[in-house]
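**Student:** what's the 3D shape of this:
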Amino acid sequence: VQLQAFGGGLVQPGGSLRLSCVTSGFTLNYYGIGWFRQAPGKEREAISCISSDGSTYYDDPMKGRVTVSRDKAKNTVYLQMDSLKPEDTAVYYCATGSCLMDVYDYWGQGTQVTVSS
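**Tutor:** Numbers count the residues shown, from 1 in each chain. You can find the predicted model right below:
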């Protein structure tokens, strides 16, 4: 089982980024993918999750500004982030597990998102 988040970078406030979580070793038909972030000196936060049946869930930190989606043929899950704020600066991670049980077994390496002018 492997996951790797891509797509981070430097973006101006109000800008957008799309993160990708490329997976291998399992099928998205049976596992959910969660997105998380962690800023320096802060605890990890849950951002969103897409379950095995395609149901989507959003947590408070970025609700209304993010959209999670997946391409099962590419074994990839996306996190579209809009209206980014400086406080969104963090390392973003994806993990596989159960959205409803909030249990995640495997974590990928994160990607840095920096929101700054």
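**Student:** Point out where this protein drops to low pLDDT.
**Tutor:** For the chain, not a single residue meets the criterion pLDDT under 70.
**Student:** could you pull out the strands for it?
**Tutor:** 2-6, 9-11, 17-24, 32-38, 45-50, 56-58, 66-71, 76-81, 90-98, 103-107, 111-115 (DSSP state E).
**Student:** Show me what the longest one pairs with in its sheet, parallel or antiparallel.
**Tutor:** Strands that pair with strand 90-98, judged by DSSP bridges, come out as strand 32-38 (antiparallel), strand 103-107 (antiparallel), strand 111-115 (antiparallel).
**Student:** Dump the strands of the chain to TSV, plus mean neighbour count.
**Tutor:** C-beta: built from backbone N, CA, C; applies to glycine. TSV is the format used below for those (neighbours: other Cβ atoms under 10 Å):
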stretch	mean neighbour count
strand 2-6	17
strand 9-11	14
strand 17-24	19
strand 32-38	23
strand 45-50	22
strand 56-58	16
strand 66-71	17
strand 76-81	22
strand 90-98	22
strand 103-107	15
strand 111-115	18
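**Student:** On the strand side of things, show who the nearest residue in space to Gly54 that is not next to it in sequence bridges to.
**Tutor:** Closest residue to Gly54 apart from its sequence neighbours, by Cβ to Cβ, 6 or more residues apart in numbering: Arg70 at 7.3 Å. For Arg70, the beta-bridge partners under DSSP bridges are Val77.
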